[in-house]
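A.B. asks: Curious how this folds, go ahead:
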Amino acid sequence: MNFDHYHYVPCLRWKRGEYQAVLRLPDTTKQKFTPLIQVSEFGYDFEKKKEPKTIDKHIEPFAKRVHDKWGKLPCFVDLKLINPSVRLGNGVHPIKYVFDDLRKKGCFAIPVTGTDRDKAYQQAIKSILTKDKSSVCLRVSIEEAAKSSFTKDVNSLLSALNVKVDNCDLIVDLGAPNFEPLDGFSRVIQAIIKKIPYMTKWQTFSLIGTSFPNSMGGIKIGVTTIPRYEWQIYKILIDRLTKAKLRLPTFGDYAISHPDIPDDLDWRVVKPPVKIRYTIDDRWYIVKGKNYRDYGYGQYQKLSERILNSAYYNGPTFSWGDEYIQHCANGGKTGNLTMWVGVDTNHHIVKVTQDIASFYAS
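C.D. replies: Below is the predicted model of the structure:
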């Protein structure tokens, strides 16, 4: 794995809307980013009052979807969202199964671990590294990186995995913090980065985070703009790190999602709104309608019209997502929730890769 700060690292749950969004990207865009792909968490069946399927069934299609939708380009793969105590029916650790399957399909996948993962997870990671002769990605929270014991924790993990730091990728994950005040928080991040050990040796170094809301419930019907604080603070931070002659991180985010998905939603009664989350310079331009259960999918056509009539629409050739929005604004088929995630994610990835290129070109 090799890329620098001109690259992009979006964190994706690899559900249908997201992987279809990635599939529809042009190859020129795919070369500009490396996804951090998470095996999605279990959903909960409120009717049967249990998780809807076994871990075996849950992860069985994962490698095929990575291969079919992303191909053999490099990616990071993380099982952080899966309960660490879960095992397959035959007792195999889920991450071993996933990487055995990815290996069979010829995928270029880098396993992700962290200083907080349990012994069984680390042992499974070590066996993957031994078999694949690959690098490993260390993903840590900003809180972990700030600990006085962080250098000791990193050294202990590298020793346990029998891997050298120059064969490791580092991702510092901000999660979804309170970014304000931006300048003050950027100073905090800079101070933490300055203390991270082996900063010049990590194979790649990325900083990811998001300010995207965890619910659309607090967003009013109509048009709302939400700051992309993670992008704004990144630009401030790069200026500060450049002046301090410190290593520049690659930008990453959670696309149009929040890292914490509520696990108590009963989808038998939840009424999600029709919406478009359109990424623009430094902000999201959100057009929200009423819930589709009571008011139908047809609202999406009117919302698409509002995007086209705004000052922010990039035109149908900008991305597949933009083309789809124009298609719907002209009376085309509206699709559904999954399709809308794909539309918004596809536009977002293209927009961010162009934002990064423009920022470093200026």
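A.B. asks: Does Lys351 touch Thr279 like I think?
C.D. replies: Yes. When contacts are counted by Cβ atoms under 8 Å, Lys351 is listed as touching Thr279 (4.5 Å). In this view, the C-beta of every residue, glycine as well, is placed from N, C-alpha and C.
A.B. asks: Looking at the two, which is more packed in?
C.D. replies: Thr279 (26 against 20; other Cβ atoms under 10 Å).
A.B. asks: what bridges to the more buried one?
C.D. replies: Residues in a beta bridge with Thr279, per DSSP bridges, are Trp284.
A.B. asks: now stretch 213-224: how far from the chain's centre is it?
C.D. replies: 21 Å (Cα atoms, centre = their mean, to the nearest Å).
A.B. asks: got the contact list for that stretch?
C.D. replies: Here stretch 213-224 makes contact (Cβ atoms under 8 Å, 6 or more residues apart in numbering) with 176, 226, 258, 260-262, 272-273, 275, 285-290, 306, 310.
A.B. asks: same thing but 7 Å
C.D. replies: Identification of contacts with stretch 213-224 by Cβ atoms under 7 Å, 6 or more residues apart in numbering yields 226, 258, 260, 273, 275, 286-290, 306.
A.B. asks: Kindly export stretch 299-315 (C-alpha atoms) in CSV.
C.D. replies: Extracted in CSV, the C-alpha atoms of stretch 299-315 (Å, rounded to 0.1, in the frame of the first residue of the first chain):
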residue,chain,number,x,y,z
GLN,A,299,-41.3,13.5,-3.6
TYR,A,300,-37.8,12.7,-4.8
GLN,A,301,-38.6,14.3,-8.1
LYS,A,302,-39.4,17.6,-6.5
LEU,A,303,-36.3,17.4,-4.3
SER,A,304,-34.2,16.7,-7.4
GLU,A,305,-35.6,19.8,-9.0
ARG,A,306,-34.5,21.9,-6.1
ILE,A,307,-31.0,20.6,-6.5
LEU,A,308,-31.0,21.4,-10.2
ASN,A,309,-32.4,24.9,-9.5
SER,A,310,-29.9,25.6,-6.7
ALA,A,311,-26.6,27.4,-7.3
TYR,A,312,-24.7,24.2,-6.3
TYR,A,313,-25.7,21.6,-8.9
ASN,A,314,-22.6,20.4,-10.7
GLY,A,315,-24.4,19.2,-13.9
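A.B. asks: Show me which residues of it are buried.
C.D. replies: 299-301, 303-308, 313-314 (16 or more other Cβ atoms under 10 Å).
A.B. asks: Mind checking which of those land in strands?
C.D. replies: Using DSSP state E, no member of these falls in strands.
A.B. asks: And these, which is closest to Lys53?
C.D. replies: Closest approach to Lys53 among those (Cβ to Cβ): Tyr300, at 30.4 Å.
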